[in-house]
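Asker: Can you look at this prediction? I've put the sequence above it.
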Number of protein chains: 2
Amino acid sequence: MSDLNNRRLEIDALRAIWAIRHHGGITRAAEALGLSQSAVSHKIKRLETSLGCELLNRKAGTTAFTTEGEELLDYAGRILGLHDEALLSLSKTTLAGRIALGLTEDTTCSALAHILGRFRRLHPDVSVRTQVRMSLVLRAMLEQGELDAAIVQVFAHEVRPTDVILFRETLHWVKHPSLLLPQTASVPFLSFHDDCFYRHWALDIGQDGGIMLETVFECASAAGIIAAVSSGMGVALLNERHLRPEMQIITDRFPVPPDLVYVVRRGRKVRNAALDTLVAEIESEISRYGGLALAS
Amino acid sequence: MSDLNNRRLEIDALRAIWAIRHHGGITRAAEALGLSQSAVSHKIKRLETSLGCELLNRKAGTTAFTTEGEELLDYAGRILGLHDEALLSLSKTTLAGRIALGLTEDTTCSALAHILGRFRRLHPDVSVRTQVRMSLVLRAMLEQGELDAAIVQVFAHEVRPTDVILFRETLHWVKHPSLLLPQTASVPFLSFHDDCFYRHWALDIGQDGGIMLETVFECASAAGIIAAVSSGMGVALLNERHLRPEMQIITDRFPVPPDLVYVVRRGRKVRNAALDTLVAEIESEISRYGGLALAS
DNA sequence: ATGCCGTGATCGAAATTTGTCATGTGCTCG
DNA sequence: CGAGCACATGACAAATTTCGATCACGGCAT
């Protein structure tokens, strides 16, 4: 394991194992980091030999972390956090002002929370007011000028040139295997809140495609929908990351749902140096880690 | 400043600026890190260009940190702390047992405190009992088997092969310019506590060199001695790091004081895995940073 | 079983980074 | 003013890192 003293944990290597964790696999991590797969593989190997222990359990094509790996991940997260903050702190300019920001519930528990917290620390003279609403509401607020920017979900084909793409999500029609779809009667539909725009799309297709959806369940949180699907109450539109093993993806019967994208969308004609910086920090975080970590 | 994203702070570069701070200058830092002067100079330059700002104020031969430099230093300390702890944590073996450790007052506020704290965190099943005494007392306790190891000050020529050298110190005879040494009468001597072995040496030379020293002031803490010297109360033996600009080093009249060394000295025939690890950690810290930081 | 993927390891060559030696510059001090 | 110290700089050598290609392995469907 080389000499006990000359050992060091490369920042890039730490970022690599962090990416492996959050993208599930070396290949995806490499892609996210803009490196080749072999480069990342080597990085990990170097890390392992320098530490003298295995970090990954390369049993099969699957990638699992060893105990040591998990331990290092914990440190990696903390070190990278400090590191990135140091980097920002050194290139910061003194900012002051106000930012009115909108978020969806989903994104509150993602890496965005960290970015916002750090932004507060680094720019204490900027007051950030954050409101959590559903995407459709946030979009309306942006139009009204009530928000300077918002992180909203939009259909992939609706992305504007000025939007900053955070990550993409695929939507699926799902049901529990025990639920058999009636051929003639209307299909029981499990829906998010009234204002959720999946629902708008879902109900729209009824008119176009001649499929009758009957909303039998309404709940604002994903957890509720997941439970309802799992108990066979009906069909629903769910994100990839909300899929559970017991769920069945419905590929026939319904039109393929459009892809979704989370974006940072800025309000109309807002000129705001503080906001520029915040958006730049989000973009930089994305490019550094190849996307934003989102809790599932 | 390269692309805002691809920037990273190399661990080695952070260690370099940390070393520059603690050894006062690039040349010394390079020596401490076991690198050439130009290597360290290049490292800093790279860091600066990658950050797009000056870290050091290279006005003259002197090396001062800029505001950004100081800011980075702060982060560097925290990042390196985490980094080193991660490194240790991953190579640790489960330890249990007891360690009875002796320290001098000087060393309590050095990097040793960090090492001890970290050791506690990493090895919660090892109970470390620490006692702070003067070097002579500690040596006696080691002999008696009351301590497993101690960090003590010894004369450079007394270092044993098994001792781990922490850092060296030069002792000087000092006085305030306003104090004129009497040619015939005895010289007023400002002394540490009775058990301090500088004092033993100082009083011994009286017999060998025919110089009369009269102890006119006794104080256990360096701060007291420094104040007494500065007010012209007498002469004293002081560490290099306790010298103040107003003090005058006496080069004639007295024999040159022997060099001092801080060492980790282990007790007699103590076999203790936990102690081995602790000593190894101290050694590793020294070799990584080229010495131990000691508050002045 | 028998081929496919998909995922990761491995190897040699190329590119990049890092370190060293030799030398240049600027400042201080005797 | 010249010696000495501290650092910068440039050219070159050494090391490390990356890439592309290829190999090996385990699942999965036929």
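Answerer: On my side now, so go ahead. Numbering: from 1, shown residues only, chains lettered A, B, ... in the order given.
Asker: For the rest of this, base every contact and every neighbour count on C-alpha atoms.
Answerer: Noted.
Asker: Residues of the stretch 1-150 of chain A that sit close to DNA strand C?
Answerer: A:24-28, A:37-38, A:41-42, A:45, A:58, A:61-63 (C-alpha under 7 Å from any atom of the strand).
Asker: In helices, which of these appear?
Answerer: Judged by DSSP state H, helices contain the following of those: A:Ile26, A:Thr27, A:Arg28, A:Gln37, A:Ser38, A:Ser41, A:His42, A:Lys45.
Asker: Just the buried residues from the residues of the stretch 1-150 of chain A next to DNA strand C, in PyMOL please.
Answerer: Here is the PyMOL command that picks out the buried ones among these, judged by 16 or more other C-alpha atoms under 10 Å in any protein chain shown:
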select buried, chain A and resi 25+26+27+28+37+41+45
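Asker: and A:Gly210, what pLDDT?
Answerer: On pLDDT, A:Gly210 comes in at 67.
Asker: if we can go back for a sec, please list which of the ones in helices among the residues of the stretch 1-150 of chain A next to DNA strand C also come close to DNA strand D.
Answerer: A:Gln37, A:Ser38, A:His42.
Asker: How much space separates A:Glu169 from A:Ile286?
Answerer: Applying C-alpha to C-alpha, to the nearest Å, the value for A:Glu169 to A:Ile286 is 15 Å.
Asker: Oh, that last question was meant for A:Glu240, not what I typed.
Answerer: Counting by C-alpha to C-alpha, the gap from A:Glu240 to A:Ile286 is 20 Å.
Asker: With neighbour numbers in mind, choose between the two.
Answerer: Between A:Glu240 and A:Ile286, A:Ile286 has the larger neighbour count (other C-alpha atoms under 10 Å in any protein chain shown), namely 21 against 12.
Asker: Surely the more buried one touches A:Ile115?
Answerer: No. Using C-alpha atoms under 8 Å, A:Ile286 makes no contact with A:Ile115, being 10.9 Å away.
Asker: Please name the residues that touch A:Leu203.
Answerer: A:Leu213 (C-alpha atoms under 8 Å, 6 or more residues apart in numbering or on different chains).
Asker: whoops, A:Arg133 was the one
Answerer: A:Gly102, A:Leu103, A:Thr104, A:Glu105.
Asker: Show the pLDDT at A:Thr66.
Answerer: For A:Thr66, the predicted pLDDT is 87.
Asker: and it, how many neighbours?
Answerer: 15.
Asker: do the same with A:Ala30
Answerer: 21.
Asker: what residue ranges in chain A score low on pLDDT?
Answerer: Along chain A, segments meeting pLDDT under 70 span A:1-6, A:59-61, A:109, A:194-195, A:206-210, A:270, A:290-296.
Asker: Flag every residue of it that's near DNA strand D.
Answerer: So chain A meets DNA strand D at A:10, A:12, A:34-40, A:42-43, A:46, A:59-61 (C-alpha under 7 Å from any atom of the strand).
Asker: I'd like to know which of these are buried.
Answerer: For the residues of chain A next to DNA strand D, buried by 16+ other C-alpha under 10 Å: A:Glu10, A:Asp12, A:Gln37, A:Val40, A:Lys43, A:Arg46.
Asker: could these go into JSON lines alongside distance to B:Leu275?
Answerer: Output for these, formatted as JSON lines (distance: C-alpha to C-alpha, whole Å):
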{"residue": "A:Glu10", "distance to B:Leu275": "29"}
{"residue": "A:Asp12", "distance to B:Leu275": "34"}
{"residue": "A:Gln37", "distance to B:Leu275": "43"}
{"residue": "A:Val40", "distance to B:Leu275": "38"}
{"residue": "A:Lys43", "distance to B:Leu275": "34"}
{"residue": "A:Arg46", "distance to B:Leu275": "30"}
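Asker: Considering only those, which also neighbour chain B?
Answerer: A:Glu10, A:Asp12 (C-alpha under 8 Å from any C-alpha of the partner chain).
Asker: A:Ser230: which of the buried ones among the residues of chain A next to DNA strand D is nearest?
Answerer: Sorting those by distance to A:Ser230 puts A:Gln37 at the head of the list, at 36.8 Å, by C-alpha to C-alpha.
Asker: Could you pull out the helices in chain A for me?
Answerer: Going by DSSP H, chain A shows helices at A:11-23, A:26-33, A:37-51, A:67-91, A:105-108, A:111-122, A:135-144, A:197-209, A:222-230, A:273-289.
Asker: nearest to B:Gly232, of those helices?
Answerer: helix A:67-91 (46.5 Å).
Asker: Next, give me the two most distant ones among the buried ones among the residues of chain A next to DNA strand D.
Answerer: The farthest-apart pair in those, when distances are taken by C-alpha to C-alpha, is A:Glu10 and A:Gln37, at 17.7 Å.
Asker: For DNA strand C, what is the nearest residue in the stretch 1-150 of chain A?
Answerer: Residue nearest to DNA strand C within the stretch 1-150 of chain A: A:Gly25 (3.2 Å; C-alpha to the nearest atom of the strand).
Asker: so how far is A:Thr63 from that residue?
Answerer: 6 Å.
Asker: Might one say that A:Arg129 is in contact with A:Ala100?
Answerer: Yes. In this structure, A:Arg129 is within contact of A:Ala100 by C-alpha under 8 Å, at 4.9 Å.
Asker: quick one, what contacts A:Arg58?
Answerer: Under the criterion of C-alpha under 8 Å, 6+ apart, the neighbours of A:Arg58 are A:Ala64.
Asker: how about A:Leu213, what does it touch?
Answerer: A:Ser186, A:Val187, A:Pro188, A:Phe189, A:Ala202, A:Leu203, A:Gly206.
Asker: just the buried members of these?
Answerer: Here, 16+ other C-alpha under 10 Å leaves A:Val187, A:Pro188, A:Phe189, A:Ala202, A:Leu203 buried among the contacts of A:Leu213.
Asker: does the first one have beta-bridge partners, and which?
Answerer: In this structure, A:Val187 has beta-bridge partners A:Leu213, where bridges are defined by DSSP bridges.
Asker: from memory it sits against A:Ala236, does it?
Answerer: No. Applying C-alpha under 8 Å, one finds A:Val187 not in contact with A:Ala236, separated by 10.2 Å.
Asker: Could you tell me how far the closest residue to A:Tyr75 other than its chain neighbours is located from B:His200?
Answerer: In this structure, A:Tyr75 finds its nearest non-sequential neighbour in B:Ala86, 6.0 Å apart by C-alpha to C-alpha, 6 or more residues apart in numbering or on different chains. Using C-alpha to C-alpha, B:Ala86 is found at 44 Å from B:His200.
Asker: Which one's more surrounded, these two?
Answerer: Taking neighbours as other C-alpha under 10 Å, B:Ala86 and B:His200 compare with B:Ala86 leading, 22 against 12.
Asker: and the more buried one, how far is that from A:Arg78?
Answerer: 10 Å.
Asker: And for A:Gly102?
Answerer: With C-alpha to C-alpha as the criterion, A:Gly102 and A:Arg78 are 27 Å apart.
Asker: higher neighbour count, the two?
Answerer: A:Gly102 (27 against 14).
Asker: ok, that one touching A:Gly145?
Answerer: No. Using C-alpha under 8 Å as the test, A:Gly102 is too far from A:Gly145 to be in contact (11.6 Å).
Asker: and the nearest residue to A:Arg266 once chain neighbours are set aside, how many residues sit next to it?
Answerer: In space, and not counting its chain neighbours, A:Arg266 is closest to A:Ala149: 4.1 Å by C-alpha to C-alpha, 6+ apart. For A:Ala149, the count of nearby residues is 25 (other C-alpha under 10 Å).
Asker: which ones are touching A:Ala149?
Answerer: Applying C-alpha under 8 Å, 6+ apart, the residues contacting A:Ala149 are A:Ala100, A:Leu101, A:Gly102, A:Leu142, A:Val264, A:Arg265, A:Arg266, A:Gly267, A:Leu275.
Asker: so the last one makes contact with A:Ile99?
Answerer: Right, A:Leu275. Yes. Contact criterion C-alpha under 8 Å: A:Leu275 and A:Ile99 qualify, at 6.4 Å.
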